[in-house]
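>>> Sharing a model prediction with you, sequence too.
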Amino acid sequence: MKTASKYSKLSYEPSLIFIIILINFVVYFYSGVDKLIHFDEFVVNFSKSPFAPSEFINEVAFCVVGTELGICFLCFFNKFQKLACLLFMIISFIFSGYVFLMITYSPYLPCSCGGLINFLTWNEHLVLNILLTTISGYATIISE
């Protein structure tokens, strides 16, 4: 009788990875497109952050949008899905750090996230980013 290795893939893992990728895709695609559509407003709000680099704010804002949408683009290719999970984890971790710094050190909290995410409080936003970091990390670990 053959026994399964403790490292064998569980039957639900591909579906779970797909759901995690889909959640990240929806959040980051929606946020990226909204920032792109309202780019001037995004730049103005982002420039009010004490942590925004004022000398090249447009370039950084464009990189944020490009990174969000670029990672979403990777999701369409099976061979890049693990990389997409890893990049979603990294960007969520960076955004979590940014939100934490804003909550902790900024007297003024301008939200430049875009769309429905603007309606979250900063603490809710931090929880969302930590959740996205965690699930993306889990998907990275269990994906092939």
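Good, I have the coordinates.
>>> Output the helix or strand of the chain with the lowest mean pLDDT as CSV, restricted to C-alpha atoms.
Using mean pLDDT, DSSP states H and E, helix 39-47 stands out as the lowest-scoring helix or strand of the chain, at a mean of 90. Extracted in CSV, the C-alpha atoms of helix 39-47 (Å, rounded to 0.1, in the frame of the first residue of the first chain):
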residue,chain,number,x,y,z
PHE,A,39,-3.9,59.9,-12.1
ASP,A,40,-3.8,63.7,-11.4
GLU,A,41,-5.8,63.3,-8.3
PHE,A,42,-3.7,60.3,-7.2
VAL,A,43,-0.5,62.3,-7.6
VAL,A,44,-1.9,65.3,-5.7
ASN,A,45,-3.0,63.0,-2.8
PHE,A,46,0.2,61.0,-2.9
SER,A,47,2.3,64.2,-2.9
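>>> what's around the residue nearest to residue 23 when sequence neighbours are not counted, how many residues?
Take residue 23 and drop its neighbours on the chain: the residue closest to it by CB to CB, 6 or more residues apart in numbering is residue 135, 7.0 Å away. C-beta coordinates here come from the backbone N, C-alpha and C atoms, glycine included. Counted with other CB atoms under 10 Å, the neighbours of residue 135 add up to 21.
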